[in-house]
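>>> Kindly return the folded structure for what I paste below:
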Amino acid sequence: MGAGLAEVCAKPGRHVLVAVSSDRSRRAGHERLTRSLDRAVDKARLTGQQREEILERVEFTQDLGDFADRELVIEAVSEDEPTKLKIFSQLDAIVRDSGAVLASNTSSLPVTKLAMATSRPQQVVGMHFFNPVPALPLVEITGSLLSDEKVVARAEHFVRDVLGKEVIRSKDRAGFVVNALLVPYLLSAIRMVESGHASAADIDKGMMLGCAHPMGPLGLADLVGLDTLAAVAAGLYEETKEPLYAAPALLSRMVDSGFFGKKSGRGFYSYG
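Numbers count the residues shown, from 1 in each chain. As a prediction, the model looks like this:
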């Protein structure tokens, strides 16, 4: 499911192509988009007619070849480096416009590595959206040492002026700005549970009521996805070798057990 899909489609005349891996993914993607738009209608952010127009402008495909005529492609697969490298190599061969922006929604991998999988590294940027995309206004824009500044500026213009998001710039380092600060906080909370220092509920309650955070760290970890958090932490640790980025054993065991958080129905909390 492409990051910021509903926001892009809300702009009249824009056609959005979304790559999926299977018919099941196609159905799931369409259902997620429909639910998101239904919530927007319920909250009077969209009219029923706008909802239908947006749905008509979205096309799902299992063929990356359909992206040949795109001017902007945003990759948003899971935080798996080999998978991302393969996709960027394929897009490089498929997308005909030599000036097209190839962006990644990565939250931890160096943009340079992804760029070097292509023959046009100057056209590759990081475009990190935050979950849930419809609710959170921030996008991190990251250019590598190889990125053309004009390309980075085009990406920022799209995010700010087309999608209406807020933008911050980051250097190309693992975790960029937000995750470089956030991940150690989440991992520290997991270590606190692991050591028996306090329960997940009390840790979250303490941070929400004591520090005015809208969510506690363990609830947030469940929302992000414990598998995603583990992958991001691994990327940060690989680049920095800083102990604060090392995943606690408890996190690794939970991921190995299929406890991915809210999306799997069980993490630090249970979800019916």
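>>> Break down the stretch 51-200 of the chain into its helices, ranges please.
81-94, 111-115, 149-157, 178-194, 200-211 (DSSP state H, counting those that start in this stretch).
>>> most packed of those helices?
When the helices of the stretch 51-200 of the chain are scored by mean count of other Cβ atoms under 10 Å, the highest mean neighbour count falls to helix 111-115 (a mean of 22). The way it works is simple: take the backbone N, C-alpha and C, and place the C-beta from them, glycine included.
>>> Which strands or helices does it pack on?
Contact partners of helix 111-115 among helices and strands, from 3 or more Cβ pairs under 8 Å, 6 or more residues apart in numbering; DSSP states H and E: helix 81-94, strand 124-129.
>>> right, and those - which one's nearest residue 194?
Residue 194 lies closest, by Cβ to Cβ, to one member of these: helix 81-94, at 27.0 Å.
>>> ok, and the closest non-adjacent residue to residue 75?
Among residues not flanking residue 75 along the chain, residue 104 sits closest, at 4.8 Å (Cβ to Cβ, 6 or more residues apart in numbering).
>>> and the one you found, what are its bridge partners?
residue 75, residue 126 (DSSP bridges).
>>> State the number of residues packed around residue 214.
8 (other Cβ atoms under 10 Å).
>>> Verify the stated contact: the residue nearest to residue 75 with residue 84.
Yes. Using Cβ atoms under 8 Å, residue 104 is in contact with residue 84, at 6.5 Å.
>>> Need the overlap of contacts for those two.
Applying Cβ atoms under 8 Å, 6 or more residues apart in numbering, one finds that residue 104 and residue 84 are jointly contacted by 75, 114.
>>> residue contacts, the residue nearest to residue 128 when sequence neighbours are not counted?
Spatial nearest neighbour of residue 128, excluding adjacent residues (Cβ to Cβ, 6+ apart): residue 140 at 4.1 Å. Shown in contact with residue 140 (Cβ under 8 Å, 6+ apart): 126-128, 167-170, 176-178.
>>> how much space is there between the closest residue to residue 130 other than its chain neighbours and residue 199?
Leaving aside its chain neighbours, residue 130 sits nearest to residue 136 (4.2 Å; criterion: Cβ to Cβ, 6+ apart). For residue 136, the distance to residue 199 (Cβ to Cβ, to the nearest Å) stands at 27 Å.
>>> Could you export the helices and strands packed on helix 111-115 as a markdown table, including mean pLDDT?
A markdown table is the format used below for those (pLDDT from 0 to 100):
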| stretch | mean pLDDT |
| --- | --- |
| helix 81-94 | 95 |
| strand 124-129 | 96 |
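>>> closest to residue 35 out of those?
Using Cβ to Cβ, the nearest of these to residue 35 is strand 124-129, at 17.8 Å.
>>> mind giving me the domain split of the chain?
5-170, 178-263 (automatic domain parsing).
>>> Of the ones you listed, which is nearest residue 269?
Across the domains of the chain, closest to residue 269 is domain 178-263 (Cβ to Cβ), at 5.9 Å.
>>> Quick check: next helix or strand after the lowest-mean-pLDDT helix or strand in the chain?
With mean pLDDT, DSSP states H and E as the measure, the helix or strand of the chain carrying the lowest mean pLDDT is helix 5-9 (a mean of 52). Per DSSP states H and E, helix 5-9 leads on to strand 16-19 as the next helix or strand towards the C-terminus.
>>> Now do residue 252 against residue 194, distance only.
Distance from residue 252 to residue 194, by Cβ to Cβ: 11 Å.
>>> on that earlier part again, which stretch in the domains of the chain has the least confidence?
Among those, domain 5-170 has the lowest mean pLDDT, at a mean of 90.
>>> what about the closest residue to residue 205 other than its chain neighbours, neighbour count?
What sits nearest to residue 205 in space, not counting adjacent residues and going by Cβ to Cβ, 6+ apart, is residue 216, at 6.7 Å. A count of neighbours around residue 216, defined by other Cβ under 10 Å, yields 22.
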